[in-house]
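S.K.: here are the coordinates; sequence isn't available:
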């Protein structure tokens, strides 16, 4: 039986067609993958199914009946559940209270009965969850469970998951997959949105691939190679795999010694006795699920927060008490996670944004801005990093994520940093831009710069970093050469288990992953 | 059931045209509302508006008077521009103005019997320093304790006013002034020279125009001006780039205080010529309207300060010729600000007509229904 069928769905937005004649069909109990790059139209399609967005053309069949979903409430009534990428939970409420908020009045009346149901459902599907805990004490993986349990309580027939694994450790991913398999065995259909091919191949029965708003192909993931699927996702003219030589580096440039730090911000993660170094001519990758102290660590390196001088050293010079400005003079380049609203001022032009961190060199003279040189610098970044924009006077906010990121990274690299710190360098960036950015990082490394990359994207870290480690709850795992760390080992580190173990046993498993690094 | 709805829809990006059109629209709406108001008071609206906005400028005297009022307004407005660009909401130009006038006036009274060309610069500089000191209090409270500058500067305005009242009722009262709350008249050497004989317009208009030019150069040509803009636009980016928020906060507030203080002391040593409880006429508050009406751009601010100066003169003219209360000035200024804020909504929103749909499923939450 077909659970849901989409026919000729088209959705236009001013200036772009998000979905064009998209066809999709999912049977009962089927786990169906929806694959595509950022901007391929996956999210729009999901929003159409969930009733958030109305299609301009096309028809939707629910259990062979033509239907018009009037809104999310109507979708839930039909039995469609959706877990968004960004959770909608109140941190100051308990699990049970959060779930009660989304239920119909009658069901939410007795909190005790609800708690019992939550415990039952979570036990049945192997997702441990204590209904009495406050959401702010839960890990990201546990928060996701709350969202899933919330859907399951309502007798769900189609569960939509939007990139559910991007926030999970490899071990958490395994648990999630078990739950999903169990659900599908019971007849629930699952629509799994992702761009991680290895996961899709491990989990899904069928896949529909979108490119540029159109369906570019169907496949059975288990019988198709990742390269074939990747080709359908990105088209014919983009190189797929990148293979970078690993480097060993020279003298340590950035040295962090016994760094413990508690920020004044009560929601910040305290850092516990962190020590590591980044050598000139190498890339060090720090893996970890967001919110485990990455931001605090980076702020202390960038100078946006300061502490005892000797904890952070640039080439043996103690800098932890210096301002960002002084650290930049010493050779720091920094690419923050937030592109708009930190890395670039949204309402200012690209020229002004070039001046934002480039103000120390020859762009200014005794406090006066050299407009000609600022313009030239902006144009140089645009040209060398292939930034697609209307011109150097375009506002930063008018650029797409990938183009803005290329611009910001270009701005930092063209100032010849001795130490470049990148936070999530290719997050939400299309594949062409991601490859260009990684190439640029490798090139900078080969010129002898020390590079620190913090990322949630394990594949990327395997692809570009020479040594790798993980951060969990403000503590840093051991640091080891990337090709000696298995994905299992890294997963354990990300989950906070730093005990020495099978570091050398199955090195090979990192191989194929590194190969698809370009796709995430 | 097919009604056309008029709704507001968010623009994909802010409209540049609208940001320049909005002040013009606001002025037009103010004139229309003003006309209706005059009509309801039994006046011929066209005649009344003519009396209010055109008649004051019918002769050279009118234009010099306009300049006399533009000078303090422009000085305060240029200082405020700097603060507002940094999104430091300094409402305290009024207090800084008063303290500048009070401090400068006090020194001028102390030097009443001293002759010399150095006396006037001393008085002016001391006045500017007093304004600066008053702004420094707000800067200290903000940078040291994180106190909201809107609240502190408003409160400091009242404190400054009460110091002035204390001065003119107490120690600074003219002993030969029949117990009026006024100081003695200032001496020739502590009075600003006038530009034309027989008119009140004095050289403070040059201070104001010079300040406008300097602030314009600072904001558009220098790194510190750029840092101020970045700090106002995006605090996180300013921190990321290593701009020093505390130092910039001090800089904009002190500069504004100095300019407002200079405006105050220029008023005391200029058209007023003594200390009275009424040295300000609310110039520090009016300057806030000027900055927004002038779109924080120097040319716009010069034009806006002329318009707002005109409302002062129009109020006086309406009182004399139409026997209407002088508070019309405040009314027109208020209407102008109100309409400006309303029209500014159209910078980031546009008005659209939508046919009401049969099923009310359009749950576009950003739409503000203006009319059903």
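M.R.: Yes, it's here. If you're wondering where the values come from, they're calculated on a predicted model, not measured in any experiment.
S.K.: hey, let's count contacts and neighbours off CA atoms from now on
M.R.: Fine.
S.K.: buried ones in whichever helix or strand residue B:307 is part of?
M.R.: If you go by DSSP states H and E, residue B:307 is part of helix B:298-322. By 16 or more other Cα atoms under 10 Å in any protein chain shown, the buried positions in helix B:298-322 come out as B:298, B:300-319.
S.K.: who are the packing partners of that helix?
M.R.: When contacts are defined as 3 or more Cα pairs under 8 Å, 6 or more residues apart in numbering or on different chains; DSSP states H and E, helix B:298-322 packs onto helix B:60-85, helix B:204-221, helix B:283-293, helix B:328-348.
S.K.: now do it against helix B:283-293, angle only.
M.R.: Orientation check (axes from the mean of the first three to the mean of the last three Cα atoms, to 10 degrees): helix B:298-322 against helix B:283-293 gives 120 degrees.
S.K.: which parts of chain A sit against chain B?
M.R.: The interface of chain A toward chain B, taken as Cα under 8 Å from any Cα of the partner chain, is made up of A:70-71, A:302-304, A:323-325, A:341-345, A:347, A:356-357, A:359, A:364, A:367-369.
S.K.: recalculate using a threshold of 7 Å.
M.R.: Within chain A, the positions adjacent to chain B are A:70, A:304, A:323-325, A:341-345, A:356-357, A:367-369 by Cα under 7 Å from any Cα of the partner chain.
S.K.: in helices, which of the residues you listed appear?
M.R.: Among the residues of chain A next to chain B, the members falling in helices (DSSP state H) are A:324, A:325, A:356, A:357.
S.K.: next, count neighbours for residue B:348.
M.R.: For residue B:348, the neighbour count with other Cα atoms under 10 Å in any protein chain shown is 17.
S.K.: next one: the residue in chain B that chain A sits nearest to from residue B:85, what distance?
M.R.: Nearest residue of chain B to chain A, counting by Cα to the nearest Cα: residue B:237, 3.8 Å away. According to Cα to Cα, to the nearest Å, residue B:237 and residue B:85 sit 15 Å apart.
S.K.: and the angle for the helix holding residue B:307 with helix B:60-85?
M.R.: Here helix B:298-322 runs at 130 degrees with respect to helix B:60-85, directions being taken by the same axes, to 10 degrees.
S.K.: domain ranges for the chain?
M.R.: No chain in the question, so chain A it is. The record's domain parsing of chain A by automatic domain parsing lists A:2-234, A:238-331+A:418-520, A:341-416.
S.K.: hmm, I had chain B in mind actually
M.R.: Taking automatic domain parsing as the domain assignment, the record places the domains of chain B at B:1-35+B:327-357, B:69-324.
S.K.: show me the residue sitting in the middle of chain B in space.
M.R.: Geometric centre of chain B, nearest residue: residue B:287, 0.3 Å, by Cα atoms, centre = their mean.
S.K.: and that residue, what pLDDT?
M.R.: We note a pLDDT of 96 for residue B:287 in this prediction.
S.K.: ok, and the closest non-adjacent residue to it?
M.R.: Once flanking residues are discounted, residue B:287 sits nearest to residue B:77: 4.7 Å by Cα to Cα, 6 or more residues apart in numbering or on different chains.
S.K.: burial of the one you found, as a residue count?
M.R.: Applying other Cα under 10 Å, we find 37 residues neighbouring residue B:77.
S.K.: and residue A:290, by the same measure?
M.R.: 17.
S.K.: show me what contacts the residue nearest to the centre of chain B?
M.R.: By Cα atoms under 7 Å, 6 or more residues apart in numbering or on different chains, residue B:287 lies in contact with B:73, B:76, B:77.
S.K.: how much space between it and residue B:202?
M.R.: 20 Å.
S.K.: one more: residue B:300?
M.R.: Using Cα to Cα, residue B:300 is found at 23 Å from residue B:202.
S.K.: and what of residue B:97?
M.R.: Shown here: residue B:97 relative to residue B:202, a distance of 18 Å by Cα to Cα.
S.K.: can you check residue A:25 too?
M.R.: In terms of Cα to Cα, residue A:25 sits 82 Å off from residue B:202.
S.K.: neighbour-wise, which of the two wins?
M.R.: Comparing residue A:25 with residue B:202 by other Cα under 10 Å, the one with more neighbours is residue B:202, at 25 against 16.
S.K.: for that one, name its beta-bridge partners.
M.R.: Residue B:202 forms beta bridges with residue B:194, as assigned by DSSP bridges.
S.K.: so what touches the one helix or strand residue B:240 maps to?
M.R.: Taking DSSP H and E as the definition, residue B:240 sits inside helix B:235-241. If you take Cα under 7 Å, 6+ apart as the criterion, helix B:235-241 is touched by A:304, A:324, A:325, A:341, A:342, A:343, A:344, A:345, A:356, A:357, B:230, B:231.
S.K.: if I pick residue A:110, what's in contact with it?
M.R.: Contacts for residue A:110 (Cα under 7 Å, 6+ apart) come out as none.
S.K.: where in the chain is pLDDT low?
M.R.: Using chain A here. For chain A, the stretches flagged by pLDDT under 70 are A:14-16, A:38-39, A:237-242, A:501-520.
S.K.: let me rephrase: I mean chain B.
M.R.: Applying pLDDT under 70 to chain B flags residues B:1-4, B:12-13, B:354-372.
S.K.: next one: the residue of chain A most remote from its centre from residue B:300, what distance?
M.R.: Largest separation from the mean C-alpha position in chain A: residue A:366, at 41.6 Å (Cα atoms, centre = their mean). Residue A:366 sits 29 Å away from residue B:300, going by Cα to Cα.
S.K.: now the closest residue to chain B within chain A. Nearest residue, chain neighbours left out?
M.R.: Here chain A gets closest to chain B at one residue, residue A:342, 3.8 Å apart by Cα to the nearest Cα. Nearest residue to residue A:342 in three dimensions, chain neighbours excluded: residue B:237, at 3.8 Å (Cα to Cα, 6+ apart).
S.K.: nearest to residue A:331, out of the domains of chain B?
M.R.: domain B:69-324 (13.5 Å; Cα to Cα).
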